[in-house]
Structure formats: structure tokens, C-alpha cells
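A.B. asks: Let's see this in three dimensions:
(chains A, B and C)
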Amino acid sequence: MNQQSSVLYDVPGPRQRRITLISSIAATFVLIAGAYFLVYRPLEEKGQFSMDLWGPLVDPSNEYFSQVWDRIGYGFKNTLIAAALAILSSLVVGTLLAVLRIQLKHLGRRRFTGLAAPMSYLARGLTTVLSAITRICVEVFRGLPVVITIFFVARGFPEFGISFETLWYLVIGLTIYNSVVIAEILRSGMEGLPNGQAEAAAAIGLSPLQTTRLILLPQAFRIMLPALISQLVVVLKDTSLGFIISYEETLNIGKQIIGVLDNPIQVYIVIGLMFILVNYSLSKLAQYVQHRLSRGRKTAGTPAQNPPPATLTAQAEGTGGI
Amino acid sequence: MRISRIAALAAAATLALGVTACGGDDAGDDTGSGDKSFPAGSTMERLNKAQAIKVGTKFDQPGFGQKGLSDSPEGFDVEVAKIIVKELGIPESKIEWVETPSKVREDVIVNGTVDMVVATYTINDARKERIAFAGPYYEAGQNIMVKKGDTSITGPESFQDGAKKVCSVTGSTPAEEIKKYVKDVGSQLVLFDTYDKCRDALKGGQVDAVTTDNVILLGYIAKDEESFQLAGDNFTKEPYGIGVKKDDTAFRDFINDTLEKAYADGSWKKAWDDTAGKFGAELGEAPAVNRY
Amino acid sequence: MNVLIDKFDVFAGGFWLTLQICLLAAIGALILGAVVAVLRISPVPPLRAVGTGYVNIFRNLPLTVVMFFAAFGLPALGSNADFLRIPGLDLIFSRLGTDLPYFRFALIALVLYTAAFVCEALRSGVNAVPAGQAEAARSLGLTFGQNLRYVVLPQSWKASVVPLGSVIIAMIKNSALVGFFGVVGDLSQTADQLTSAEGHAFVPVAIGISIGYLIMTVPLGALLDHIEKRQAVAR
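C.D. replies: Next up, the predicted model:
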């Protein structure tokens, strides 16, 4: 970050340093004053700092403390379970989808000359239809809000006589959305690879499927690892949507606690901090991985300064969901 | 190291198996499920044999069904459900409580996600098209809660001025009812997923009133008498019933019989006194069950 | 399928309300995001810390939590978000001007949340400008402000368009949450209302609501793909 900034302005001289110092002090002052008058004072006046409200959350000697944290722990466990299941199934489905789309693209180029004329038309028609269907699925599920997908799954599946535990509605809803996103991340990763990779694979006699499996996919995973980890953050945040279908994740438990203790602001601050802590660590991990990877690639002789455009979009795509 | 861990796991697993097995036996002895017999093929027999039941209730309704700091809900609806489950010969510990907010209650019954719904569930004709009701076991009425000392709202007609704002819950009967009185839904009606949020909105001054059944409002008023009061009398009658599958007349009759028994032996009144009765709401006469 | 035709006005109304909140939130988030981005690369350390802190907080919170603080934290701070009742603007966006503040609260939450991602998208654009450009500008004697204005930002804009577009698409999808925080009549709340309270068949309603969102997201996504391909060729 500092390196980036210093590109934009000169290393400050004595006068500039003075100006920076003065404006720093002024800015700090304004910020603290603003926080005091706009946030602290109104909250204090409404008694939001009273121990009656905070006690159950922060004071171990409070009569509710252990119960409250038992419940929050239970909710957090449910959040992690849902997130873990969702990300695993999204990875599996997403990879399959990416491979399928790449394969269909290859098949689309083939002429099926070995077959009789009607069969070859049939095969080509089938490929076109299949790839159109996958394309439409990707567009539709990528374009729908996750909330709506989860809502539709939870309401729609029972409509057709399929019913599960609430957990699975949430996992399926999250998987539908995220597997499509992950498939796109992987696909753009594979298509972003130099053509030479696939050509060399073909030259040594690998079939398209083998090429994808042995050559393209492993490299795409490697390049896209940071984007995939960012997607994990998205999934973790999205599990909080479980509240609309009554899944007992952290926020829903928080709601139940608030119903009894009547301290919404305090409970939400604590839960918010938990989310920030976990997700911040995950983002840091993603950064670390990216750093290691770019270093690795530099030594391999590939310029890592300008990531391919695909990487950029994939990362921005990671902001999807909630 | 590894071996010892596996051994420990195996030991733990055996232990756990042993414990559950014993537990199963105990439960069987306690309930004496043997001395209850139900018509073959009936829902009662199926539930009794399975020794398990899923009951839908609210998790956010003080006095009726609220799940707070413990892991099972408490309230009048919960107690009524327990009376019925006991009559089925199933121990309390075998009830699986499922949260059923207002908007999903018909669906969970139709889809068979739960075996019955006891969740401040108003009996009405529209709902009878999809499900069936046993009961009623209580008669509430829709009312309006305002800030203490607010005299500008006297009843639902007060919302015809086009300025007063009112809050209720998505998909609930009160929300549909109040739409008849509100002049401009977009700028006067707020819908949340829980009444707690409505209460907070009233306290914060974003809305002028919260409307739903009197007993729910009384729960909030009992908790915070300095802030809230009711505005006027109930303007609807809301008989609470127990939702079951539409064609399951045998189960419905069974629940109705059980309710009448509970009226007679005082367990119905005790359930009320232990829960919603603490808020000062009237229990009134036991409502006659409606066998349609 | 009748519900799609019978209730067309309800669907259309929901679409229009969702579109309103998305338009306003997009404008707000672009402005706030740009401010935060400038803070994040500014030479004054406390401002930089504020920018970084802002992004880290809002990027890692679920939107549900942000929505909650807007809808219940702001009233606790004594604000009804009345500063958003901009005269003139509320003629088109009628919900802005009503006494009922939840449309404004939802808008604030969406803007605060999305701004963090806008900031990151802009920063990725700035990062994409070769360092030599900024260095050359500095050697010409341009200050930080001039450097950004005349050299870096005009070039970074191009690299930011695609990530910014993705952020806006994500925001449109995120707006589905406002229906659960007191905004009556947007697309997602309409879905809930029609299927739960009014008992219409599920499948046609689901189709109608999906079309409503896809009309907004798919063409935008296609446009972005197109821009991205053109840029890739230009490179």
C-alpha cells in the first residue's frame, strides 16, 4: 500500500512533512470529535453503554453470560457447518461445470466426420443444445440474488414433494449460486492460460478431457486460488441469509437472544465483530497466497505485474452475493 | 499416538451407543406407550409408534412460543402442544420444535415438514382451503399498540388520515386486516419478519403504531409499561387453532377431544397461568372446539 | 400462470421500486466509494487509516448486519435520515420523501456496503496504471492531486469499468435484502407477499420475480463481457 502511494507523490521534504503532520493532527481531531458528538454522545444519552445491556455479553459473572455464549457458539457452529458444506459442494459442482463447458466447447468445434451423416448432425445438434442449456443456467443463476435463490429453494423444493432439514435448503441455495461463480472463475482461468499449454498437450497425444484434467485445471486452480478464497468469505457472509428460512445460524440466534434480553445494538456489534475477525483473517490468507503465487510466477519468468483481465473480473466477481 | 486416538474414539463411540440404547429403553418404560392404543393407520398410531413428533411453533412470540437463551421454546402454545403430545404417549423430550413464522405455516403442514402447528394460528376460511384446524383453544383479537400517552390513535380508523404509520409482520393476518384501513400502503405500512423489530421501530419513533393480536402486544407492554399502551378495543376476533393436514379428520378429532379434556381437568388453565397469563391477559371462558 | 397477468401491476411496481433503490444506491456508492478510494491512497496517515478501516469493516460484514445497523442503529443515534429527503428528487423517487424512513435506511445500508467494493474496484484500476506514468508525472512536478486528476485517474478509469460493473451487478442482487428490512413493495418482498400472504401458486411468481431481476442483471453482464473482450483485444 505504501509503495503504491509513494508512486503518486514525492517523498515529502521538510515543509511537506510539516503540512502532513498538521493535517494529520487536524484530521485526527475532527475524526475523534465527530465520533464523540455523532456516535458516542447520542448512544450514551440513550443508555446504550449500560451494563444491563452489555453485561450478558462481556461480563462472565453475569447470570446470562454462559447461556448467551453457549447459544452464540451453537449458532456460530451452524454458520461454519453451512459455510463448509456450501463451499465444498460449490467447488465440486463448480469444477464439474467448468470442465463440462470447456468440453462442450471442444465438441462444438468437432465435425464428427467418423459418423454417418445423420448421426453426426444429431451429435452436433446435441452439443449445441447442451452448451446452450449450461450457458442459460449459468446466466440465470449468476443473475439472481442469492436471497431469492435460497428463498426459491426453500419454498420450491417442498412444492414438488422434496423436503429436507433447513440446513440443506441453505446449502443448496448457496451452492447453486456459488458453483456457477466458481465455474466461471475456473473457466476464465483456463481460457486465460497461454494457448501453448493446450497445444503442447495435444501434441503429446492427450485427449481434450485429459488436457483439461491434467494440464489446464491444475494451473487454473493455482492462478485462481486467491479468488477462490475470496469466494469463501462471500459464502461465509451469505450463510447469514439463513435467517429468512429459519436456519439457526449466528444472526438468527442473535435475534432470539435479543428477543429475551432486549439489547439489539450490543448483540449485533458482537456478532459483527465475529464476522469481521473471521473474514478479515480469510482475506489476509488470500492476500498471502496471492503474494506467494506471484513470487513463484516471477521466478518462473512470467510477468506478474499485470494480471490477465480474467483475474481482475474474477476477483471483482467475488464481491457477488452479500 | 494415532492408534491410541482411534482406540479412544472407538471406546467413546461404544459408550455413546450404550448410553443411547439405555436411554431408548428408559423412554419406552416412562411413557407406557403400550397402554395407549389408536386406530390402525391413523396419524396418532404412526406418531405413537415412531415415538417422535415435529411441532411447528413461533420462536419469537413472548408468552406463546419464544426461544431465548435455552435450546427449546417456551410459552402457551408450547404448553398446549405438550398436552397433546403427552396424550399421544410420546415423551416431551422426543418433540422436535420447528420454527414456523407466520408466512410458512400452511406450507409446512401441506408438505409434511411438521405434524402439527401450534403458533398463534388464527382459524379462517382462506386457510381452511389448504389445511384443517382443531380447536380453537384460545380467542384473541387484533389490537393496536402505541406509545404511552399517544391519544391521536383510537382505533384502526385513525390510519385513514394517510399520515399515521403502522407496523406489522409479513404474511400475517393482522397485516392483511390493517390494509383495509390504511390509505396509502407504500408510505404508511411497514412489514418486518418479526414483531420485535416493529416494537423497536415504535420505540425509536419511526412508526406510530404496531398492530397484531392483543396478547402479543400485551406481552410487550408487560415488559415495558412506561413506553407502550393499547389504543382502544380489539377490532377483530382471532380464534387460535391447531393446524393439521386437511383430510386428517381422525387426528383433528383426537386433538379436539384432548383439548376438551384439558379444559375439564385444569391443565389448560395451568398452562395459561404459567405462561401468557403472567402478562395480565385475560384467559376467559374455554372456547368451544369447532368440529366441522 | 394467471397470476403473472392478473398481478402484472404488482410485479411492475416491485420492479420499479427495486430499480429506484438500485439507481440511487449506485450513484451514492460510486461517489462514496471514490471518496474512500482517495482517502485510502492519500498522503495523510490518519485519513489513510480511515479509508483502510472502512473497507475492512464493510467488506467483511454480512449486508444483513449493515442493514440492521442502518434500520435500528441510526434511530438509536437520533437520525431518521431526513437529509435524504432531497426536494425535487422525491418527485421521481417518491419513497425518499415519505415520513417512513425505511427506504432511506435501506439505501444508506446499500451505499455504505457497496462503497467498500467500489473503492476496491477503483483501486485495482489505479494499480493497473503502470508505475512509470505516475513517476513521469511526478518528475514533471505535478502534485498528488494533479497527478491523480490529469494522469492516473483518466487511465485507471478504463481498467476500472469492468470491476465496477461487476460491483454494481452484485449491488442490484444485494438489493433483494431490503424487502426484509421494512421496504414494502420491492421485488423480493413482492415474492414473499404473493406466495405467503396471498397464497398464489409458487412457480409462476418465482418466474415473474426472476425475470424482474434478470432484466436488470443479464444485459449489464453481457455489456461488461463485451467491454472486457474489446479491452483484451486492445491490449
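A.B. asks: can you list the residues of chain C near chain B?
C.D. replies: With C-beta under 8 Å from any C-beta of the partner chain as the criterion, chain C meets chain B at residues C:71-72, C:75-76, C:80, C:94-95, C:98-102, C:180-182, C:184-185, C:189, C:192-193, C:196-197, C:199. All C-beta atoms are positioned from the backbone trio N, CA, C, and that covers glycine.
A.B. asks: Check the burial of residue 137 by counting its neighbours.
C.D. replies: All of this is about chain A. 14 (other C-beta atoms under 10 Å in any protein chain shown).
A.B. asks: not what I meant, chain C
C.D. replies: Neighbours of C:Ala137 (other C-beta under 10 Å): 20.
A.B. asks: Likewise for the one 10 residues further on?
C.D. replies: For C:Asn147, the count of nearby residues is 22 (other C-beta under 10 Å).
A.B. asks: Filter the residues of chain C next to chain B down to the buried ones and hand me the PyMOL line.
C.D. replies: To isolate the buried ones among those in PyMOL, judged by 16 or more other C-beta atoms under 10 Å in any protein chain shown, type:
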select buried, chain C and resi 71+72+75+76+80+95+98+100+101+102+180+181+182+184+185+189+192+193+196+197
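A.B. asks: give me the subset of the residues of chain C next to chain B touching chain A.
C.D. replies: Checking those against chain A (C-beta under 8 Å from any C-beta), the matches are C:72, C:76, C:180, C:192.
A.B. asks: and which of the residues you listed is nearest A:Thr212?
C.D. replies: A:Thr212 has its nearest neighbour among these in C:Phe180, at 41.2 Å by C-beta to C-beta.
A.B. asks: Report the contact partners of the closest one.
C.D. replies: A:147, A:244, B:192-193, C:67, C:188-189 (C-beta atoms under 8 Å, 6 or more residues apart in numbering or on different chains).
A.B. asks: Now rank the residues you listed by neighbours and give me the top one.
C.D. replies: Going by other C-beta under 10 Å, A:Val147 tops the contacts of C:Phe180 with 27 neighbours.
A.B. asks: And the contacts of C:Phe180, which is the shakiest by pLDDT?
C.D. replies: Within these, B:Asp193 has the lowest pLDDT, namely 80.
A.B. asks: Who are the contact partners of it?
C.D. replies: With C-beta under 8 Å, 6+ apart, B:Asp193 has these contacts: A:243-244, B:101, B:169-170, C:180.
A.B. asks: re the thing from before, filter the contacts of C:Phe180 down to just the ones in strands.
C.D. replies: B:Phe192 (DSSP state E).
A.B. asks: So for the residue of the stretch 1-150 of chain B found nearest chain A, what's the nearest residue that isn't a sequence neighbour?
C.D. replies: Here the stretch 1-150 of chain B gets closest to chain A at one residue, B:Gly68, 3.4 Å apart by C-beta to the nearest C-beta. Distances taken as C-beta to C-beta, 6 or more residues apart in numbering or on different chains place A:Val260 nearest to B:Gly68, at 3.4 Å, with adjacent residues excluded.
A.B. asks: Next: B:Arg252.
C.D. replies: B:Ala134 (4.6 Å).
A.B. asks: What separation is there between that neighbour and B:Trp268?
C.D. replies: 14 Å (C-beta to C-beta, to the nearest Å).
A.B. asks: Between those two, which is the more surrounded one?
C.D. replies: B:Ala134 (27 against 23).
A.B. asks: after the host helix or strand of the more buried one, next one along is what?
C.D. replies: Counting by DSSP states H and E, the element that carries B:Ala134 is strand B:131-140. Next helix or strand after strand B:131-140 toward the C-terminus (DSSP H and E): strand B:142-147.
A.B. asks: about what we covered before: which of the ones next to chain A among the residues of chain C next to chain B sit farthest apart?
C.D. replies: The most distant members of these, if one measures by C-beta to C-beta, are C:Ala76 and C:Asp192, lying 26.9 Å apart.
A.B. asks: tell me the pLDDT at the residue most central in space within chain B?
C.D. replies: Chain B has B:Ala119 as the residue nearest its centroid, 2.0 Å off, counting by C-alpha atoms, centre = their mean. Note on B:Ala119: pLDDT of 90.
A.B. asks: go on, B:Val210?
C.D. replies: 93.
A.B. asks: what's the nearest residue to the residue of the stretch 151-292 of chain B found nearest chain A if we skip its chain neighbours?
C.D. replies: Using C-beta to the nearest C-beta, B:Asp196 is the residue of the stretch 151-292 of chain B that sits closest to chain A, at 5.5 Å. Sequence neighbours aside, A:Gly259 is the residue nearest to B:Asp196 in space, at 5.5 Å (criterion: C-beta to C-beta, 6+ apart).
A.B. asks: What is the helix or strand containing that neighbour packed up against?
C.D. replies: Assigned by DSSP H and E, A:Gly259 belongs to helix A:250-261. In terms of contacts (3 or more C-beta pairs under 8 Å, 6 or more residues apart in numbering or on different chains; DSSP states H and E), helix A:250-261 is packed against helix A:51-58, helix A:65-109, helix A:264-299, strand B:60-61, helix B:195-204.
A.B. asks: and if we set it to 10 Å?
C.D. replies: In terms of contacts (3 or more C-beta pairs under 10 Å, 6 or more residues apart in numbering or on different chains; DSSP states H and E), helix A:250-261 is packed against helix A:51-58, helix A:65-109, helix A:264-299, strand B:60-61, strand B:65-66, helix B:195-204, helix C:63-68.
A.B. asks: nearest to B:Ile178, of these?
C.D. replies: Taking these one by one with C-beta to C-beta, helix B:195-204 is closest: 11.8 Å.
A.B. asks: gap between the helix or strand following the closest one and the chain center?
C.D. replies: Per DSSP H and E, the first helix or strand lying C-terminal to helix B:195-204 is strand B:209-213. Relative to its chain's centre, strand B:209-213 lies at 17 Å (C-alpha atoms, centre = their mean, to the nearest Å).
A.B. asks: is chain A contacted by the next helix or strand after strand B:209-213?
C.D. replies: Using DSSP H and E, the helix or strand that follows strand B:209-213 in sequence is helix B:214-223. Yes. Counting by C-beta under 10 Å from any C-beta of the partner chain, contacts between helix B:214-223 and chain A involve B:Lys223.
A.B. asks: Report the buried residues of helix B:214-223.
C.D. replies: Quick answer for helix B:214-223 (16+ other C-beta under 10 Å): B:214-222.
A.B. asks: The strand or helix carrying C:Cys22 - what's its average pLDDT?
C.D. replies: Using DSSP H and E, C:Cys22 falls within helix C:8-41. For helix C:8-41, mean pLDDT rounds to 90.
A.B. asks: thinking again about what came up before, same list (the contacts of C:Phe180) but as JSON lines, adding distance to C:Gly212.
C.D. replies: What follows is the contacts of C:Phe180, written out as JSON lines (distance: C-beta to C-beta, whole Å):
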{"residue": "A:Val147", "distance to C:Gly212": "13"}
{"residue": "A:Ile244", "distance to C:Gly212": "18"}
{"residue": "B:Phe192", "distance to C:Gly212": "22"}
{"residue": "B:Asp193", "distance to C:Gly212": "21"}
{"residue": "C:Met67", "distance to C:Gly212": "20"}
{"residue": "C:Ser188", "distance to C:Gly212": "9"}
{"residue": "C:Gln189", "distance to C:Gly212": "12"}
